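J.: Build the 3D model from these lines:
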Amino acid sequence: MTETLETRFDRLILLVGKLNYMWTNTESLLIHLIAGLGGTKKDVAVIIFLTLNTTRARVDLVERLAKMDGRPAEIRDPILELTQRLSKLSSIRNKYNHCIYSFDTESGNPKTILMRIADRKTDIKLGREDTVDEEAIQEIEKVVAELSAANRDIWQLIGKLGFPI
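T.: Numbers count the residues shown, from 1 in each chain. As a prediction, this is how the structure comes out:
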């Protein structure tokens, strides 16, 4: 059972690493959107990007720049579609980044323990646990594939709009 346990856990950890790599790589493309929408050079956009320390803040900035008065729909709409895709995908990434891992003693499946306190009306709930079964692994693989497609689509849009590369 130990071998199976280790194999499952190794698979999960490698997949989460791939998810994080793909996420960071794709999120960094927001730099080019910031530069293009803000009418600035890429190095200025890098400083802005790095100053904003959350994905939500970076996406909000891009969306707000895209929605500014006078922005043509043919620029605004594809950018908003892409930022909405990223926002949707971020929940899975957050789930696997903001947890610790353990094992279900009965099934051998890895488990995530959410590192968040849920405040209730009269109490708190700590460390929600979820089993990482084959279905969860496939969900992560699907998100990695969707991030890859989003990455290609953002690059295509950056080129089409002539934004700084």
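J.: Check which helix or strand the residue nearest to the spatial centre of the chain maps to.
T.: For the chain, the residue nearest the mean C-alpha position is residue 90 (3.4 Å; Cα atoms, centre = their mean). Taking DSSP states H and E as the definition, residue 90 sits inside helix 73-97.
J.: Show me what that helix packs onto, helices and strands only.
T.: Other elements packing on helix 73-97 under the criterion 3 or more Cβ pairs under 8 Å, 6 or more residues apart in numbering; DSSP states H and E are helix 2-27, helix 30-38, helix 55-66, strand 110-114, helix 134-161. From N, CA and C alone the C-beta is placed, and that goes for glycine too.
J.: so of these, which one's packed in deepest?
T.: helix 30-38 (a mean of 23; mean count of other Cβ atoms under 10 Å).
J.: Show me what stretch 78-88 is in contact with.
T.: 26-27, 33, 37, 55-56, 59, 62-63, 66-67, 146, 150, 153-154, 157 (Cβ atoms under 8 Å, 6 or more residues apart in numbering).
J.: now residue 107: how far from residue 127?
T.: Residue 107 is 19 Å from residue 127, where distance means Cβ to Cβ, to the nearest Å.
J.: swap that for residue 154, sorry
T.: Look at residue 154 and residue 127: by Cβ to Cβ, they are 35 Å apart.
J.: which residues touch residue 113?
T.: 99, 100, 101, 102, 127, 128, 129.
J.: Tell me the bridge partners for it.
T.: Bridge pairing for residue 113 (DSSP bridges) gives the partners residue 100, residue 129.
J.: Check the gap between it and residue 101 for me.
T.: On the measure of Cβ to Cβ, residue 113 and residue 101 end up 7 Å apart.
J.: now residue 152
T.: For residue 152, the distance to residue 101 - Cβ to Cβ - is 31 Å.
J.: got it, and residue 114?
T.: For residue 114 relative to residue 101 (Cβ to Cβ), the value is 11 Å.
J.: just to revisit the earlier point, so of the contacts of residue 113, which two are at opposite extremes in space?
T.: Taking Cβ to Cβ as the measure, those span a maximum distance of 13.6 Å, between 101 and 128.
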